[in-house]
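[1] fold the following and give me the result.
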Amino acid sequence: MTTHNAIKESMKEIATRVAGCSNNDKNEHLKGVIHFIEVTQAGPEFNKKVIEYLQPVSSSVAAKDIVAISNHYPNYGITELYDNMTESDINVMWQQLSMTNMLLTTMNMIPDEMLSKIETMTNTMMNVLQSGMGSGAAPDLGSLAQGLTSMMVPDQPPPRTSRREQNRKPSTKKDEFRNKLC
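    Take a look at the predicted model:
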């Protein structure tokens, strides 16, 4: 799962939980949020819109201050929506908001190329772990380490060699071994 998808899924979870509580499904602003989540693809544009709404209240999210958030968005009926929620839904909502806020902040600080490598590394790790768990055996940590090592090597062109060097065959076992290492 990419970071973009994680942000969209987090927002979807929040909106679904809030809308699932009694009387909250009648809130027009919430209906608009749900519609936006459903029709907008995960990616930079979706994240930009989420940042637009979360950034001004990020400290209130961290403090779990629903009154401050409601005061910032007075036309949304946030306090009423919140009052209709169960305690467990409220806990999940704060967790999801905090995680989303953290992911967005992190994404803004990390260059796109590095974020892509991190996502590739994470997917590799998850695939190896899941393949080991499904079989009942321990995950193959050797292939995990090999995959991670290959991702950490900077992208570099292959070293230049002359045709003479390319066609030269190792003369001794020592040369053959050295060539395999280098």
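
[2] all helices for this protein, in order.
    3-19, 28-39, 44-54, 58-62, 66-72, 78-83, 87-109, 112-135, 141-152, 163-167, 173-181 (DSSP state H).

[3] name the stretch among those helices that sits most buried.
    Mean neighbour count, computed with mean count of other C-beta atoms under 10 Å, is highest for helix 3-19 among those, reaching a mean of 18. All C-beta spots, glycine's among them, are computed from the backbone N, C-alpha and C.

[4] contacts for it?
    1, 24-25, 27, 30, 33-34, 37, 40, 42-44, 46-47, 50, 81, 85, 89, 92-93, 96-97, 99-100, 103-104, 107, 115, 119 (C-beta atoms under 8 Å, 6 or more residues apart in numbering).

[5] re earlier: same list (the helices of the chain) but as a markdown table, adding mean pLDDT.
    Shown next, in a markdown table, are these (pLDDT from 0 to 100):
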| stretch | mean pLDDT |
| --- | --- |
| helix 3-19 | 90 |
| helix 28-39 | 93 |
| helix 44-54 | 91 |
| helix 58-62 | 94 |
| helix 66-72 | 96 |
| helix 78-83 | 94 |
| helix 87-109 | 89 |
| helix 112-135 | 70 |
| helix 141-152 | 58 |
| helix 163-167 | 59 |
| helix 173-181 | 59 |
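
[6] got a list of what residue 62 touches?
    The contact partners of residue 62, by C-beta under 8 Å, 6+ apart, come to 98, 101.

[7] relative to residue 42, how far out is it?
    24 Å (C-beta to C-beta, to the nearest Å).

[8] try residue 51
    14 Å.

[9] now do the contacts for residue 122.
    By C-beta under 8 Å, 6+ apart, residue 122 lies in contact with nothing.

[10] name all residues that make contact with residue 84.
    By C-beta under 8 Å, 6+ apart, the residues touching residue 84 are 21, 22, 23, 24.

[11] tell me the pLDDT at it?
    pLDDT for residue 84: 94.

[12] so what pLDDT did the closest residue to it other than its chain neighbours get?
    Distances taken as C-beta to C-beta, 6 or more residues apart in numbering put residue 21 closest to residue 84, at 4.5 Å, once the chain neighbours are dropped. At residue 21, the model reports a pLDDT of 90.
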